[in-house]
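**Student:** coords please:
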Amino acid sequence: MRLLDALKDGILIGDGANGTCLAAMGFTKQPYDLANIHAPELVEQIHRNYFDAGSNFVETNTFSANIFKLGSYDVDIAQLNREGARLARKAAGDERLVLGAIGPIGKPMAPIGHVTEAEVKEAVRQQAEALLEGGVDGFILETFIDINELKAAVGAIKELSNLPIIASKAFIEDGEMLAEGLPGRSAKLIADLGVDVVGANCIVGPQRMLDLVRNMTEATDLPILAFPTPGLPQLVKGAISYDTAPDYFAKATLRLVEEGARVIGGCCGTTPEHIRELSKLINAAPVKVKKRPSLPAVAKEKEPLKESQWSELSHKLGKKFITAVEMDLPRGLNIQKLLAGARALKIAGVDVVDISDGARARLRMNPVAACTLLQKDVGIDTTMHFSCRDRNLLAVQADLLGCHALGIRNILAVTGDPANIGDYPSATSVFDVDAIGLIRILSRFNEGIDLAGYSVGVKCAFTICCAYNALPLDEDLENDRLKRKVDAGAHVIYTQPVFDQETVDKCVRVAEVTKRPVFVGLLPLRSQRHAEFMHNEVPGISVPEWLRKSIADAADDTEALKVGVEEAQKLAAYIKSVAQGLYLMPPAGSHHIAECVLEATR
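**Tutor:** As a prediction, the model looks like this:
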């Protein structure tokens, strides 16, 4: 094993960024891995420049060359990786080392996202096979966040090869994370995967990486890799830029070697000049490595919230029949109608008011603001519908923390309607995660940690609600999704509106199987047009023919609404006799109609 033999001799110096250099040489296509085919001479020259600067090894220009990131490009993934390895091998010759670079797939794994472990392994296998054909001496898995994804990647490589594997995680350095020993715990977990080197790379500069290296060296006897960025980036004319001087980078990075890093180099923004200065310092004189005791990283126990900090809804579950009423958000700033309606519902004995999050992709006030005002000014518990459409993974977590800080504890996780069906069809949808992934994020917060494993300070107190459609096009798929939602941590099931006792019974049976309370959806119909629209144009809704006929036979819309309310009252009474809760969706958010229907549950 040439890499392991080289490690026995001392410090190994790697390379820096490929993309930074390609951009400087005029190659602007992204991802930069495409240069392996479109500008191979540039890629080979960059590798030679790093070797000339003092690198003992270079990484192939294949960090993003997987099917998930490049599947939409007209490119042969295997060829791209083979060429990446071939170009690095050509520059390295027989004396120097080449590591096959593999990054994360770029999409969250289940249960946060849709990508399965098998799909991750297949993507990595495809890369690794081609890199082996190109002649790499080992593999470097870098900039991973999810250790489960890293585990899958390591497993895929081990099924193909016994070449050495370096596995590196990206961290955001902060005091809380360090105090909890996350880098050390991560180093242990990664070492247990059977890799040869563990490390940290990207995101932070050499000073901020110092404590990461200290933490990791205390947790494992494996060699430690440290590949910092030159510092903090800035946006210049639409492009990410670093302006850290090479001599500063070298001096600051040398301290990482003193703290125990054995494999050293740079990440985004570093150039051959940064590596040249670092190589000069390392080769000038033997580096004195500090001896540090091997101490276990001790994590602080997250303080659980007091019972009083959970929502009123959570305290009522299993103790009484719950009435939840959905109300419409205003288009603009006039929230008085919503507040007045909520006050009337509170007087009527409603337990919780539901606020949707851009339903049908229509512009409405932010539901966080509305829920906060309702809880503060009216004193009624709220359930906020939280859509995945408009938020990336960072924003999802940030907004949920904001909800919790403002006292919003009940969250109904919904995937959300696509933006192109709403008020602004040219707007883009995000969908980093769907409802299942969102539920898992909420569950992680209730454990006291975010997706990256960082502490959020306390164990949160979210009551996690999920949606269920009793009449889907694909029943097996819907049942599977509900099971996955419950497995991810959902506490309560909200159903789509139903219009007959048979469908109510179906919802109740589902609740019995999942052992979760169910709030059965009920929508009073107000006119023939309303009934026909719900039946024919809304997926997952089926209005029985007899009910549509009864409403159609009414003399006018006033009489039709009367029929709709009377039938809703009958069904509401039945729901109370068999289910744990009623989720009432009055047309136009009318609290008057809601109050009429609720009379039947008294």
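
**Student:** what's next to whichever strand or helix holds Glu559, contact-wise?
**Tutor:** Using DSSP states H and E, the element containing Glu559 is helix 557-578. Applying Cβ atoms under 8 Å, 6 or more residues apart in numbering, the contact partners of helix 557-578 are 321, 498-501, 504-505, 508, 520, 522-528, 530-531, 547, 550-552, 554, 582, 584, 593, 596-601. Using the backbone N, CA and C atoms, a C-beta is placed for each residue, glycine as well.

**Student:** What's the ChimeraX line that selects buried ones from those?
**Tutor:** The following ChimeraX line selects those of the contacts of helix 557-578 that are buried, judged by 16 or more other Cβ atoms under 10 Å:
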select :498,499,500,504,505,508,520,522,523,524,525,526,527,528,530,531,547,550,551,554,582,584,593,596,597,598,600,601
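
**Student:** Show me where the stretch 1-150 of the chain has its strands.
**Tutor:** Assigned by DSSP state E, counting those that start in this stretch, the stretch 1-150 of the chain shows strands spanning 12-13, 57-59, 97-102, 138-144.

**Student:** can I assume Leu131 is in contact with Gly84?
**Tutor:** Yes. With contact defined as Cβ atoms under 8 Å, Leu131 counts as touching Gly84 (7.3 Å).

**Student:** Could you tell me which residues touch both of the two?
**Tutor:** With Cβ under 8 Å, 6+ apart as the test, Leu131 and Gly84 both reach 60, 62, 100.

**Student:** just those residues now: which is nearest Leu3?
**Tutor:** Gly100 (11.4 Å; Cβ to Cβ).

**Student:** Could you report the separation of that closest one from Asn49?
**Tutor:** Distance, Gly100 to Asn49, by Cβ to Cβ, to the nearest Å: 20 Å.

**Student:** more crowded one of those two?
**Tutor:** Gly100 (29 against 20; other Cβ atoms under 10 Å).

**Student:** give me every residue that touches the more buried one.
**Tutor:** Gly100 touches 59-60, 62, 81, 84-85, 127-128, 131-132, 134, 136, 138-140, counting by Cβ under 8 Å, 6+ apart.

**Student:** Just the pLDDT for the closest residue to it other than its chain neighbours.
**Tutor:** Spatial nearest neighbour of Gly100, excluding adjacent residues (Cβ to Cβ, 6 or more residues apart in numbering): Leu131 at 3.4 Å. Looking at Leu131, its pLDDT stands at 98.

**Student:** For Leu131, grab the count of nearby residues.
**Tutor:** 31.

**Student:** and it, what does it touch?
**Tutor:** 60, 62, 81-82, 84-85, 100, 102, 139.

**Student:** repeat that for 10 Å
**Tutor:** Counting by Cβ atoms under 10 Å, 6 or more residues apart in numbering, Leu131 makes contact with 60, 62, 65, 78, 81-82, 84-86, 88, 98-102, 138-139, 157, 160-161, 163.

**Student:** And Leu281, its phi and psi?
**Tutor:** With angles defined as degrees, to the nearest 10, Leu281 sits at phi -70, psi -40.

**Student:** how many other residues sit next to it?
**Tutor:** Neighbours of Leu281 (other Cβ under 10 Å): 15.

**Student:** so who does it touch?
**Tutor:** 247, 250-251, 253-254, 257, 287.

**Student:** ditto for Ala110
**Tutor:** 116-117, 119-120, 148, 436-437, 440, 484, 488.

**Student:** how about the helices in the stretch 51-200 of the chain?
**Tutor:** All helices of the stretch 51-200 of the chain, identified by DSSP state H, counting those that start in this stretch, fall at 67-70, 77-92, 117-134, 147-158, 175-179, 182-191.

**Student:** ok, which stretches of the stretch 201-350 of the chain are helices?
**Tutor:** Listed in chain order, the helices of the stretch 201-350 of the chain (DSSP H, counting those that start in this stretch) span 206-217, 246-258, 272-284, 312-316, 336-347.

**Student:** quick one, the second one and helix 272-284 angle?
**Tutor:** For helix 246-258 against helix 272-284, the angle by axes from the mean of the first three to the mean of the last three Cα atoms, to 10 degrees is 50 degrees.

**Student:** Just the CA atoms of helix 246-258, as PDB, please.
**Tutor:** Below are the C-alpha coordinates for helix 246-258, written out as PDB (Å, rounded to 0.1, in the frame of the first residue of the first chain):
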ATOM      1  CA  PRO A 246      -0.100  32.100   0.700                       C
ATOM      2  CA  ASP A 247       2.500  32.800   3.400                       C
ATOM      3  CA  TYR A 248      -0.200  33.400   6.000                       C
ATOM      4  CA  PHE A 249      -2.000  30.200   5.000                       C
ATOM      5  CA  ALA A 250       1.200  28.200   5.300                       C
ATOM      6  CA  LYS A 251       2.100  29.500   8.700                       C
ATOM      7  CA  ALA A 252      -1.400  29.000  10.100                       C
ATOM      8  CA  THR A 253      -1.700  25.500   8.500                       C
ATOM      9  CA  LEU A 254       1.700  24.500   9.900                       C
ATOM     10  CA  ARG A 255       0.100  24.700  13.400                       C
ATOM     11  CA  LEU A 256      -2.300  21.900  12.300                       C
ATOM     12  CA  VAL A 257       0.700  19.700  11.800                       C
ATOM     13  CA  GLU A 258       2.000  20.700  15.300                       C
END
